[in-house]
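Engineer: Turn this into a structure:
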Amino acid sequence: MDTSKHNLYTLFEQLGLPSDDASIERFARHYRLQNGQNLYQAQFWTEAQASFLRDAYEQDAEWAGALDALNSLIR
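Structural biologist: This is a model prediction of the structure:
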């Protein structure tokens, strides 16, 4: 059983990205989703990152809050 916390910081870690506050803020300033675009469809993800995000979005309720936070951050 997975007992790890699923939040914005651990989502960035899972994606292989720096997860400190300054790095997350920098990411949010640099990347934006287009209107109507799903989080996992953004062109700036690697194939592996997009696949993880798509799978987490479709199947893993554990990541729902973190995905919503990231989606809001770059919307």
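Engineer: Quick one: residues contacting the closest residue in space to S19 that isn't next to it in sequence.
Structural biologist: Nearest residue to S19 in three dimensions, chain neighbours excluded: F12, at 3.9 Å (CB to CB, 6 or more residues apart in numbering). C-beta coordinates here come from the backbone N, C-alpha and C atoms, glycine included. Residues counted as contacts of F12 (CB atoms under 8 Å, 6 or more residues apart in numbering) are 18-19, 23-24, 27.
Engineer: quick one: which of those residues is nearest A56?
Structural biologist: Of all the contacts of F12, S19 has the smallest distance to A56: 15.9 Å, by CB to CB.
Engineer: My guess is the closest one contacts T10. True?
Structural biologist: Yes. S19 is in contact with T10 according to CB atoms under 8 Å; the separation is 7.3 Å.
Engineer: Which neighbours do those two have in common?
Structural biologist: Taking CB under 8 Å, 6+ apart as the contact criterion, no residue touches both S19 and T10.
Engineer: and the two? which has more neighbours close in?
Structural biologist: S19 (17 against 14; other CB atoms under 10 Å).
Engineer: what secondary structure does that one sit in?
Structural biologist: Look at S19: counting by DSSP: H, G, I helix; E, B strand; the rest coil, its state is coil.
Engineer: Mind listing residues that contact stretch 28-46?
Structural biologist: 15, 50-51, 53-54, 57, 67, 70-71, 73-75.
Engineer: so of those residues, which ones are in strands?
Structural biologist: Assignment to strands by DSSP state E places none of these there.
Engineer: pLDDT below threshold where in this protein?
Structural biologist: Within the chain, the segments meeting pLDDT under 70 span 1-3.
Engineer: residue ranges of the helices in it, please?
Structural biologist: Secondary structure of the chain by DSSP state H: the helices cover 8-14, 21-30, 47-59, 64-73.
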